[in-house]
Each structure stands twice: as structure tokens, then as C-alpha cells.
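# Got a sequence here, can you model it:
(2 chains)
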Amino acid sequence: MALHVDREELDTFCPMLFRTLDGLGLLPLSLSAKPNEFEKFPRLLFGSIQRYNDVEAGFKEWEGRVLRDAPYRKEEHYPNLEALRRWMVQHAGLFTGKANMQHLRTSLYARVFQYLYPRRVLVNAYCVKHQRNVAAIEPEFIAQELPRSIAADVQKLQETYQDEWAAVVTDAQASLLANAGYYRKVLAGKEPIAPLAAEVVEETIEPEEV
Amino acid sequence: MENVIEIVQRQAEDALQRLSALGIVTAERVAESVLRQTAYWEKPMPNDERLLFLRFFSPVIQREEVFLGNILFNAFLSKAFARAVAGNGPGRAELVANDLESYYFLVRTTSDVTHLADGFRAEVERCLPDLFFGDQDETRGIYGSLETMLDFDKANVEPFPIFIMPQVYADRLEKAVRASLLHKIEKSLLERNPTSIIANLAFFYSHDGAEMQSPYLFLARLAMRYGIVGADDLRQALNLNKGAELGDEAAVKKIIENSFKQKEGRTFSSTHLRRVLMQAVVNLGKMVDEQPDEWRMSYIRSKFLLHDENMLVDVLLDGVSLGYVTVSSPRKAVDVGCRICGVKTIEAEDKSILMGQNTHKFHNQSVKQKDKDKPKACLRCAVCTYLMVKLIGSEAVGQPQVPKTYNLIFHYGKHIDDEAKQLTHRIDLIWGLLRKHRDAEQVRQETASQVKALKEKVEREKDEQEKRALLADQAQKETELQQAQAKVVQAEDDIFAACPWLRDTGASATPAENCSLDALANIQLSEAKTERHVLGLGMGGYRMILFVLPQIRRDKKGHDFAQHRFSDSRVTVTALLSFLRQLCGCDGLYYYQSLPTLTPDAFQRDTFYVRNEPIGVQQAQQEYEVVTQLAWKLVGKRGSEGFVQKVVLAEKLLADPLGTFSNVMRDSAILGQNKGGYRRLPTTYRQDWRAYDLTEYARFIQKLSKLQEVK
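Prediction:
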């Protein structure tokens, strides 16, 4: 029997959390990061809440850590952090239930993948398309060309994420702008977008018993 | 969509029409009586006739040892009843509906129910030998064949339960054994040691323990002592010179044994051996006819049942009732009941051919029994097990011969006998294709590894001439690989052609990636395919169909973990039931480890009952298919061990979809990880994304998050 959790509320909460963390630059820009790099800050939040058994206190402790570790844009994104706190306090029951917390911990990697993957791929595809064009990082250019210029390339992605495609595009645009310095270098060819050809892992399949 | 009441009502209408009794009672009344499990009522008809509503009841023991046999026995009894009514004057019986224990008949007759019961008893007594020894005749409720019973290789471990048959059946049994043996010798290629044939001969025709213990000695004596087989013929069969000295019986026994086992440089001639064995059976038959006291099962004759036929029928019909009449006289209460049913008098010995691997093990009644060698089971249970072995056969597990195990699936649907046969053919066809795919895949894998090894050799080789030779080899192997790949693709196309719904649902035709195909591929089926059957119980209309399938293959150590995991897993069982449903093409219900009963709560169309839990077809398609598809794509290991891993993963995915999938992703070679224990879902590296295309993962996450139940 499937685990009983407040799925709808958790589905609302997770993107809020990931968006806030991404805004603060606390989620990896590269898709080749290890699982714990994706999960680090959400896990710290859940651990903190469980340690205090109180959402407000747990969040405050976590907030301090997050603001210390965030590389930049702390003031700009503080309202998002505050909005997240308010939402979590309002829905405190969600985070004191054992089943929900257990579920959040175990399902975190799949959830963060689901959030981050289309956004990073969109940005990657945009950078590949506009390589050597540093002007492509200008806000007006991004607003005009993302995703128009890469529509055909990301069609499969759009079909998969059709329900939330608008949010994915907005977040990808915001990510490009927030990390403009890095992506300017990428577009100029000074930083690699991602490994050109990922390592191919051979899969061995054992033969069937006769 | 029709419900159970409408279905039974329609069946009742058809039955009333066939009996020309439409105005006598309404179909609603009949259907209501069926669903309320009414035992009896009657309505007057013109010309002293009556329309009887009769519940024919025969209990079913829900123990694996006897369950299947008991169902077959009840099918035989119900058909015997219908025959008895037809043969007993101008009456006619029409079956309205049935489950495993109860068969509801409408009978148009001038007799009363007591007379019908007497006629039924007489019919059972008349046909009982056919039940034991007759060939399959579904119209009479006779299933399996004696030849299946004779599939044993050792004569000294009581491989045939002669102790449940009355002495009077000896003649019939011997004739049936003789016919089976002749057929077996004829169809056998005799390329290897004919252990089963000579064990059969030794068991049924030996005169003493030594002959029974050693079939080789028995064959030697047939030639040297009894003159049943010509010595020259034996020499030819053993590839010896015509005048070669055979020596005494012990020496001949050794020569025969070595020749049959092809040891110490000895061999045998298949053609001449066939002649010798035929000669032995024919001449033994003649001797039996001429001197029955001396030759008709002389060594095992004392093992026959002490009861006469009448008493046996009495025991078998104990508990059977026809309306308000019990068919057999009630038997006395017993101190120590049968180890299977716990109720009836113990009369049958505790032998592994009937009681399986649990023979001689502790059971509740054993504490009350001081003598360990005393009988442990009742005759009814023993006969039911016999019927089961007659249908699906037995196997040697170590020394003793035990009944084969089975998976039983019940299905209610509107199928005629031909459709049941067609279903068997389709299942056989799919089995054949799965085997073809497995063979082709094995060749492909072997060739692929040879190509890989050759490529590595070429890279290492410095000598140009050697290199050219290796390159030529490599080119040849690559051509072979292409051919092997083409065969795999062809096998998959054939599977799609046999199961067109797989393509429609986006399922894979590769058995290792498809839950139901993998379950079928892992099922242990012998060449003779005696273990699988699709049987139509009941008589026409909306009837019960019985799928008897072998169990999942045991692992190398003989453990049945895979079968346990399979039967414990709702998801996997449901996948197999969905497959059978597609195969059969109707919207009837399916039962696995559930007892089909004609009650509204256990009879919903488009429903699978697994361990008495109803699972809607839609639920199975929307939820279970997602997890099975995923699990079968993710686990790379094959064979029964891989099957268990897949089943476990599917169950975990159902219990905590996103949590389990997160674990899978952490242990897969995706994103920042370059190795993992799970196979990757289909993915390619996209240059225009500078990333792997992992949309398949995203799609499954979306599907799985919908499975996560909301509080």
C-alpha cells in the first residue's frame, strides 16, 4: 500500500523551496553534480525542523546557515526566504508529521531533479545556441529569444513538462540573469557549458538462466 | 456492464429455454436462488414432470496438495450427475452456474431427488475406472492421462499410488499401463538411457524386490530367466556380437547398466532396443493374459486397496449432497482425521507421490498417532492428489517422486471448449517465442563479447600480418553479430504479432523488460508441456476457466524464492492476470489465491481478485503497470534471481513511489554518477543540450507522483 502523505501540499512546497535556494545560488548550476550537492540544503532544513520539532525554530536556524553560505544576492532574495518561512509556519502540521518528513527525505532527489533538470537543460540549450554571442545574456535578448530561438531543440522537454512549462521558462530566464557573470563567460567560450561528451557507462546484463 | 445477477439470470434463461420450461419459473427466481445458495425447490410441470432446482455440492479442501485435484474431481462429479439424469429416463439437467463447490442445476424429470441421487451414485461407480485410467475427455470431466502418471525414473520409491485403487481395477490398470508403455516406447527417441520405461516395466511387472530395485536386473531376467525377451535381440540392442557370451544374470545386468549409461566403452542401439522393449511389453501382456496370477503385478498386488469398488465410491462421495439429500451414507466421526482435510478416516499411506515434499513431516494429527508408518490421509484426498498428478505429472526431488507444483488462476468468462483450446495454443505459441528470443539473445550476447575480445586483441596486436588475420575474424564475427541481432529483432516482432496489445500500450517485447513476459519466461515448463492447461469447467455459457500454469523456476539450489516472491506480489500477479485477460479478450474476472464464489461482492466484472482483494482493471493499468514497467526496465539481472529483484523493486515502488525512485536514481549512472547498480532508462547524450536526455526519468517521476496516495 502506498505511503499516505499530503502530496498536494508537498508538491506546492518543494518548488517554492527549490526556487528560493536556486535564487540564492545554492543549487548546482551543472547537472553533473553529485546527489548530495542537490540535496544538501533541503536536507539541512528538514533536519533542523526535526531537531527542534518546531517549524519556526528549525527554519530560523537553517535560515542563518543558508544566508551565511549563499554566495550573493542575499538581500534580493530575502523576501522569498521570508515568504517561504511564512508558508511553512502556516502549514506547520505538514512538517511535524512523521510520514511527510520521511517522504520528503526519501523522495528529495527525485523532486529536486524534477525541478532543476528542465531549467538547467533550457539554459544549456540556450547557451549552445548562442555560443560566441555575449550579447545573448542581455535581459532584452533573453526575454525575446528564450525559448523562441531553441523551440525546436527543446520540444521534447516542453512536451514532458507541458503543465509547468511557463514556470520553467521564467525560472530559466531568471537563472540566466542571476548568474549573468558566469554565463557571459560560458557564451564567450571561457567556461565550458558542460562536459562535451559524458562518460559512457557500460551496462552488463547477465545472461538468462537456461 | 452486467453484474452477477444479470449474468446468472441470462444463464438461467438459456437453461430454461433448453428445458422448454420458460413459463414454469422466472429466470429472476432461478438467479436469486443461485445467489442465495438455495439447495432445492421444485415446480410442477405437465405430464407428471417436475422442474427441480438442485444445488449439487461437493466440498473443496483448500490445501495445495489436493486443491487442483479436488476441483477436477468436482468437475467429474458434476458431469456424472448431468449424465446420470439424462441416462435415467426422459429427464434432462442443465447447469445454470457453478463455483468450485456448488453446481446449480435445473432438472426436468419425473423422478424425485432420491432416485436421482441413486442414479448419480451408480454413474460415478461405473465411470470411476475411467477417472483413474482414462484419457482426457473434458465432456466427461476426465483430465490428464495415465502416461503422465508414469513419468517416473525410479521404481523403488513407490512412484505410483496403487494403494488407493481397489483390487478389482488391477486388470484395467495393467492394460492401461501396457498401452501407455507401448506409446511411450514408440514416441521415445531412445537416444539416452530409457530410465522411465524400464522403471515402469520393473514397477508393474517385477516378481520380487530385487527386480523392482534394479530395472536392469529385471531386464536381464526377462531375457535370461523368463524368456520374455530373446537373448539375441538383447545382444543386438546392446551392440554385442551375435555369439557373445553374456554370462549369468548379474553379469548381464552389469552389461545392460553400462550400455544404457554408455559407460566403460559400452553403447546400445536405439532401433534394436526399441524392438526389445516392444517385445518385452507385448510378451508381458501375453503372459498376463495367460497366467494372471503369476504375471499381473505379482509383486505389488498386495498393495491394492482392501475396499471394494462400492466402498471406495462411498468414501469419495462422503460430504456430497444433491439438494437436501446426501449422496453417501454418513460416516462415523474419527479420532485421528486425515492430515489434509482433518475430517475423514485415514486410509491412504503417507507417500511422497501423493503428499509431496511434506511427506513424513509433522502435522497436527501426527501427535495423536503413535505409529509413524500408519496411513495419514483419507482416500478422498488421496484420489484428488492422484487426479492432480495425472494432469500435471510428477518430478523427482532427490530420491522421492513428488507431484509437480502449480499456479492456479480462475477466470469466469463466456468461452466454449474450442476457445479454451485456442488459449492453450496461444500460450504455447508465446512460450515458444520467448524461448526463441532467449536463444537468439544468448547467441547475440556471446557473439558481442567475442567481437569485443577481438577488438581488444586487434588493438594490442603489433604484428601486421596477425592483425590482418584478426581483423578478418572480427569482420566475420561482426557479420554474425548482425545476424544474431536480426534474429532477436525478428523474435520481438513475432512476440508483438502474437501479443498486439503490447505495442498499443507501449510495453516492451523483450521478456527481460516486460513483467508478464518475464514471468512466463521464468516459468518452469517441460518439453512435454504437461504442466500447463486451460480447462473449461462447467458447461457452456458464462463458465469458469481454469489456468493451470507451472511455478516460477527454482534457483540453482532448488529454493523456490522466486515463486514465493511472485505469489506474494500483488503487482506482479496482476500483471500476469492482465496479460491473460488480453490474451483471452473478454472482460471476465480473474482470481489468484482467491476462491471464486457466486456472490455479488466477489463477482465484479473487470476485476482481478488477488488474495481475496479486488483490484479493478483500470487500477491495474494505471498504477501497477507503471511500477512493473519501471522495475523491469531498471533491473539488469536476468533469470530467476533477476526476476526476484524486479518483483521486490516493483513492490517497493508501489509502497513509496517517489522515495524508491529517488534511491534508484542515486544508484544509477546518471547526472553526476558514472556507475550504478540499476540500468539506465533509455537515454542518449544530446549535444544541443550538453546533457543526457533524461526526460524518461521525468516522465516516470510524474507518473509515480500520482501514485503517492493523498491523505
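# And what about A:Pro192, helix, strand or coil?
coil (DSSP: H, G, I helix; E, B strand; the rest coil).
# What score does it have for pLDDT?
Looking at A:Pro192, its pLDDT stands at 78.
# Just give me the neighbour total for it.
11 (other Cβ atoms under 10 Å in any protein chain shown). From N, CA and C alone the C-beta is placed, and that goes for glycine too.
# In contact with the residue nearest to it when sequence neighbours are not counted, which residues?
Counting by Cβ to Cβ, 6 or more residues apart in numbering or on different chains, A:Pro192 lies nearest to A:Val186, which is 7.5 Å off, once chain neighbours are set aside. The contact partners of A:Val186, taken as Cβ atoms under 8 Å, 6 or more residues apart in numbering or on different chains, are A:Cys127, A:Pro192, A:Ile193.
# Isn't B:Tyr299 up against B:Ala210?
No. B:Tyr299 is not in contact with B:Ala210 according to Cβ atoms under 8 Å; the separation is 9.9 Å.
# And the longest helix seen in chain A, what does it pack against?
For chain A, the helix with the greatest residue count under DSSP state H is helix A:98-129. Applying 3 or more Cβ pairs under 8 Å, 6 or more residues apart in numbering or on different chains; DSSP states H and E, we find helix A:98-129 packed against helix A:7-23, helix A:35-52, helix A:155-160, helix A:165-178, helix A:180-188, helix B:657-666, strand B:691-692, helix B:695-707.
# so who does the spatially most central residue of chain A touch?
Nearest to the geometric centre of chain A sits A:Leu116, at 3.7 Å (Cα atoms, centre = their mean). With contact taken as Cβ under 8 Å, 6+ apart, A:Leu116 is in contact with A:Phe18, A:Asp22, A:Leu27, A:Pro28, A:Leu31, A:Phe38.
# pLDDT wise, what is it at?
93.
# again, but for the one 4 residues further on
For A:Arg120, the model assigns a pLDDT of 92.
# Now B:Phe105: which helix or strand?
strand B:102-109 (DSSP states H and E).
# Find the nearest non-adjacent residue to B:Ala86, please.
B:Arg92 (6.0 Å).
# On the strand side of things, show who that neighbour bridges to.
For B:Arg92, the beta-bridge partners are B:Arg108 (DSSP bridges).
# Number of residues surrounding it?
When neighbours are counted by other Cβ under 10 Å, B:Arg92 registers 18.
# What separates the first and last residues of stretch B:318-334, distance-wise?
With Cα to Cα, to the nearest Å as the measure, the first residue of stretch B:318-334 is 14 Å from its last.
# Check the secondary structure at B:Arg10 for me.
helix.
# List the contacts of the closest residue to B:Phe57 other than its chain neighbours.
Distances taken as Cβ to Cβ, 6+ apart place B:Ser321 nearest to B:Phe57, at 4.8 Å, with adjacent residues excluded. Taking Cβ under 8 Å, 6+ apart, we find B:Ser321 in contact with B:Ala39, B:Arg55, B:Phe56, B:Phe57, B:Val327.
# What about those residues, which are in strands?
Judged by DSSP state E, the contacts of B:Ser321 include B:Arg55, B:Phe56, B:Phe57 as members of strands.
# Of these, which is the nearest to B:Glu309?
For the ones in strands among the contacts of B:Ser321, the residue nearest B:Glu309 by Cβ to Cβ is B:Phe56; the value is 22.0 Å.
# Give the bridge partners for the closest one, please.
Bridge pairing for B:Phe56 - DSSP bridges - gives B:Tyr103, B:Leu322.
# follow-up on the earlier one: with B:Asp118 as the reference, name the closest of the helices and strands packed on helix A:98-129.
Taking these one by one with Cβ to Cβ, helix B:695-707 is closest: 59.4 Å.
# Flag the shaky bits of chain B, pLDDT-wise.
Within chain B, the ranges that satisfy pLDDT under 70 run B:1-2, B:88-89, B:539-540, B:557-558, B:708-711.
# Look through it and tell me its longest helix.
helix B:417-460.
# any idea how far it is from the chain center?
24 Å (Cα atoms, centre = their mean, to the nearest Å).
# Return the list of helices and strands in contact with that helix.
Using 3+ Cβ pairs under 8 Å, 6+ apart: helix B:417-460 touches helix B:464-498, helix B:515-521, strand B:533-536, helix B:570-584.
# Report the inter-axis angle for the longest one versus helix B:570-584.
Relative orientation of helix B:464-498 with respect to helix B:570-584: 70 degrees, computed using axes from the mean of the first three to the mean of the last three Cα atoms, to 10 degrees.
# how about helix B:464-498: buried residues?
B:470, B:474, B:477-478, B:480-481, B:484-485, B:487-488, B:491-492, B:494-496, B:498 (16 or more other Cβ atoms under 10 Å in any protein chain shown).
# One more: the second one?
Along helix B:515-521, these residues count as buried under the neighbour rule (16+ other Cβ under 10 Å): B:Cys515, B:Ser516, B:Leu517, B:Asp518, B:Ala519, B:Leu520, B:Ala521.
# wait, which of the ones in strands among the contacts of B:Ser321 is closest to B:Leu22?
Of all the ones in strands among the contacts of B:Ser321, B:Leu22 sits closest to B:Arg55, with 21.5 Å by Cβ to Cβ.
# and the nearest residue to the closest one once chain neighbours are set aside, how many neighbours?
Among residues not flanking B:Arg55 along the chain, B:Ala39 sits closest, at 4.6 Å (Cβ to Cβ, 6+ apart). Look at B:Ala39: counted by other Cβ under 10 Å, it has 18 neighbours.
# what do you get for the one 4 residues further on?
B:Lys43 has 14 neighbours, counted by other Cβ under 10 Å.
# Provide the backbone phi and psi angles at it.
Dihedral pair for B:Lys43: phi -130, psi 130, per degrees, to the nearest 10.
# any idea what sits nearest residue 20, other than its immediate chain neighbours?
All of this is about chain A. A:Asn80 (4.6 Å).
# you looked at the wrong chain, it should be chain B
Spatial nearest neighbour of B:Ser20, chain neighbours left out: B:Arg108 (7.7 Å); criterion: Cβ to Cβ, 6+ apart.
# show me what contacts that neighbour?
Contacts for B:Arg108 (Cβ under 8 Å, 6+ apart) come out as B:Leu19, B:Ser20, B:Ala21, B:Met45, B:Glu49, B:Arg50, B:Leu51, B:Leu52, B:Gly91, B:Arg92.
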